[in-house]
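Q: Can you look at this prediction? I've put the sequence above it.
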Amino acid sequence: MYHRQLTFCVITLSSILLLSSWGSTADIVVDFDELEIENESVLIGDASQSSIISKGVSFNRTFEFGFPGAWAASNQTDLETAGFENKYSAYSAPGGGGVDGSENFLVAFNSGASQATVMFQQPTSLKGMYITNTTYAHFAVAEGIDNEDGTTNFVKGRFAEGDFFQLTVQSLDATRTQIGSSDFFLADFRDGKSEIVSNWTWMDLTGLGDVTSLSFDMNSSDVGQFGMNTPAYFAIDNLTLAGVPEPTSSLLLWSGVICLFHRRQKLCPSTNRIAEPGMPWSGRNNDSRDRRLTKTTKRR
């Protein structure tokens, strides 16, 4: 009975400790700070169409009809100049730049659904990322201008009641099948609101599942003959990948304790059992049994 109780206690305690001994690696924050970009400059796509790779995550770059598309790495900080020529500045008042004063960030030009993509090396759980408007898009919705001289070519004017500028992030599995999506409003004037994102703002991506890649779609209430009039640009920084659970040192220690305990049980079974021929015995009860066997032999 004692050995059964001891076994139960050890197994129960070990189970609790094992379950509590799983730790996590640190989250991976893709902040682009290791990219070498000249001051107030940008890395755009070219004919090679090579991707931007940061912390093992790949961001595509396109170059079609002589025009770069998808992602560009930037550190431009101009929050004053409207228009197409300032499309790679992230609008983050008051001084621009990346999250928490960092230098580098990415800007996406996503004129068609799924033009900009993000690829992961393996199925990955995401925590989120920071998003803001570009200066180009910010002036288009806030002031209704898309030229440096304060005029407009495409946009209808500043946003008013009912207008919106929406980003949709779509998660895909290894077969490129969509498994989730999440919406983020870069500007929202619906239902009495008058909100325009003008600082880095966190977007929660925990509901997207284990993703192999991301794609993006953009929509606006300002639509013309050729599609969306609002400039199809947005900026991201600090894309955060969730850490993967790993066994801690205490888990390995208690695994060894359990193995030693079971090994001892095999080598030193309960003395209440009947000995098998050739089985080693030890302890007070075994000595008494040997004496009884000796007395029986003498009587014979």
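A: Looks like it arrived, so ask away.
Q: Give me the phi and psi for Ala142.
A: Note on Ala142: its backbone torsions stand at phi -80, psi -40 [degrees, to the nearest 10].
Q: Next up, the contacts around the closest residue to it other than its chain neighbours.
A: Nearest residue to Ala142, sequence neighbours excluded (Cβ to Cβ, 6 or more residues apart in numbering): Ile196, at 5.3 Å. In short, each C-beta sits where N, CA and C put it, glycine included. For Ile196, the contacting residues are Asn133, His138, Val141, Ala142, Phe159, Leu186, Ala187, by Cβ atoms under 8 Å, 6 or more residues apart in numbering.
Q: Look up the residues forming beta bridges with the last one.
A: Spelled out, it's Ala187. In this structure, Ala187 bridges to Phe165, Ile196 when assessed by DSSP bridges.
Q: for this structure, what spans make up the helices?
A: 2-19, 135-142, 249-267, 284-299 (DSSP state H).
Q: Format the contacts of Ile196 as JSON lines; extra columns: distance to Phe63 and pLDDT.
A: Shown next, in JSON lines, are the contacts of Ile196 (distance: Cβ to Cβ, whole Å; pLDDT from 0 to 100):
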{"residue": "Asn133", "distance to Phe63": "24", "pLDDT": "98"}
{"residue": "His138", "distance to Phe63": "26", "pLDDT": "98"}
{"residue": "Val141", "distance to Phe63": "28", "pLDDT": "97"}
{"residue": "Ala142", "distance to Phe63": "31", "pLDDT": "97"}
{"residue": "Phe159", "distance to Phe63": "32", "pLDDT": "97"}
{"residue": "Leu186", "distance to Phe63": "25", "pLDDT": "98"}
{"residue": "Ala187", "distance to Phe63": "29", "pLDDT": "98"}
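Q: what two of these are the furthest from one another?
A: Asn133 and Phe159 (11.9 Å; Cβ to Cβ).
Q: any weak-confidence spans in the stretch 151-300 of the chain?
A: 245-300 (pLDDT under 70).
Q: buried sites along stretch 233-249?
A: Tyr233, Phe234, Ala235, Ile236, Asp237, Asn238, Leu239, Thr240, Leu241, Ala242 (16 or more other Cβ atoms under 10 Å).
Q: What of stretch 112-119?
A: Buried-residue list, stretch 112-119, by 16+ other Cβ under 10 Å: Ser114, Gln115, Ala116, Thr117, Val118, Met119.
Q: again with stretch 41-59
A: Val42, Leu43, Ile44, Gly45, Ser51, Ile52, Ser54, Val57, Ser58, Phe59.
Q: pLDDT-wise, what's the bottom of the residues you listed?
A: Among the buried residues of stretch 41-59, Gly45 carries the lowest pLDDT, at 85.
Q: got the contact list for it?
A: Neighbour list for Gly45: Arg61, Thr62, Phe63, Pro68, Gly69, Ala70, Trp71, Ala72 [criterion: Cβ under 8 Å, 6+ apart].
Q: All set, thanks.
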